[in-house]
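Visitor: Give me a 3D structure for the following:
(one chain, ligands or ions: 1)
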Amino acid sequence: MNFVEYPDRDMLAIDLANKLAGELASILHHEDRVTLVVPGGTTPGPIFDDLCAADLDWGRVDVMLSDERWVPEDHPRSNTKLVRERLLTDHASAASMVPLYADADAPEDMVAKLAPAIEPKLPISVALLGMGADMHTASLFPRGDNLRLALDAHAPVLVPMRAEGLEEQRISLSAHVLRDAINLHIVIMGEDKKEALERARHLTAEEAPVRAILDNATVHWAP
Ligand SMILES: O=C1O[C@H](COP(=O)(O)O)[C@@H](O)[C@H](O)[C@H]1O
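Guide: Numbers count the residues shown, from 1 in each chain. Predicted coordinates for the structure are as follows:
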């Protein structure tokens, strides 16, 4: 794991957006299309605000979430809504979005429909992931009902997930799909998440799911 520390959150957003854009541009030199995976939640908005203005051939970029909350796309907690409003705008409005949500009561009902659009987009070219203070990443939650499956090297690309205390059902890319990204970044802010990351380094992936991808990742942190 590489760890990069920034003086503040604005600097992190600017530098990380540049870094992601540079990695995408470099792969676009030799590939027709690239796949960018991004997190939802509260952290990535300012990075999206900078990244969407990058001078890239966005028409050749497929954007996909690392995970989704099973709520309609106009729901305030929808990760898709966040990406559409903060990333797929400005220059990046030319990018295509690969959906992780479809209208159905439960994610189980839609895995078979959503997965075939994801598989041809792998491996991920550039992945940016978040992490919660409980050491989850994407929707790989400690004590999640499908966590063991999601951590398996032969897991399907998409795994439904529920865990005690979560407001919604979830759907998540599985650990091996995330770990196999050509460029893999995790973004965290604040002392509590820095401490959680340090704890995760000494735990198993079942205890601290972020552990499943940590060895391959660069972690970006600001106070
Ligand atoms: O629920 C989620 O949580 C994580 C972390 O979110 P944050 O609000 O603490 O930044 C996020 O990476 C994930 O995509 C999201 O669904």
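Visitor: wait, what's in contact with Val126?
Guide: 20, 23-24, 27, 34-37, 181-183, 185 (CB atoms under 8 Å, 6 or more residues apart in numbering). In this view, the C-beta of every residue, glycine as well, is placed from N, C-alpha and C.
Visitor: let's go with 7 Å and repeat that
Guide: 20, 23-24, 34, 36, 181, 183 (CB atoms under 7 Å, 6 or more residues apart in numbering).
Visitor: How about Leu88?
Guide: So Leu88 contacts 63, 95, 97 (CB under 7 Å, 6+ apart).
Visitor: ok, now Asp90?
Guide: Contacts of Asp90 (CB under 7 Å, 6+ apart): 52-53.
Visitor: oh, and call the first residue 358 from now on, that's how I've got it
Guide: OK, 358 is where the count begins now, so the last one is Asp447.
Visitor: Model confidence at it, what's the number?
Guide: Looking at Asp447, its pLDDT is 98.
Visitor: Okay, it and Glu430: tell me how far apart.
Guide: 20 Å (CB to CB, to the nearest Å).
Visitor: doesn't Ala579 make contact with Phe360?
Guide: No. The criterion here is CB atoms under 7 Å, and Phe360 misses it with Ala579 at 11.9 Å.
Visitor: more neighbours, these two?
Guide: Ala579 (20 against 13; other CB atoms under 10 Å).
Visitor: Can you verify my assumption that the more buried one contacts Ile371?
Guide: No. Between Ala579 and Ile371 there is no contact under CB under 7 Å: 11.0 Å.
Visitor: Run the contact check for stretch 430-438 versus the ligand.
Guide: Yes. Stretch 430-438 is in contact with the ligand by CB under 6 Å from any ligand atom, via Asn436.
Visitor: Just the mean pLDDT for that stretch, thanks.
Guide: 97.
Visitor: Could you tell me the end-to-end distance of it?
Guide: 6 Å (CA to CA, to the nearest Å).
Visitor: which residues touch the helix ranked longest in the chain?
Guide: In the chain, taking DSSP state H as the definition, the longest helix is helix 366-385. Helix 366-385 has contacts (CB under 7 Å, 6+ apart) with 363, 391, 393, 403-404, 407-408, 411, 413-414, 417-418, 482-483, 485, 539-540, 544, 546, 577, 579.
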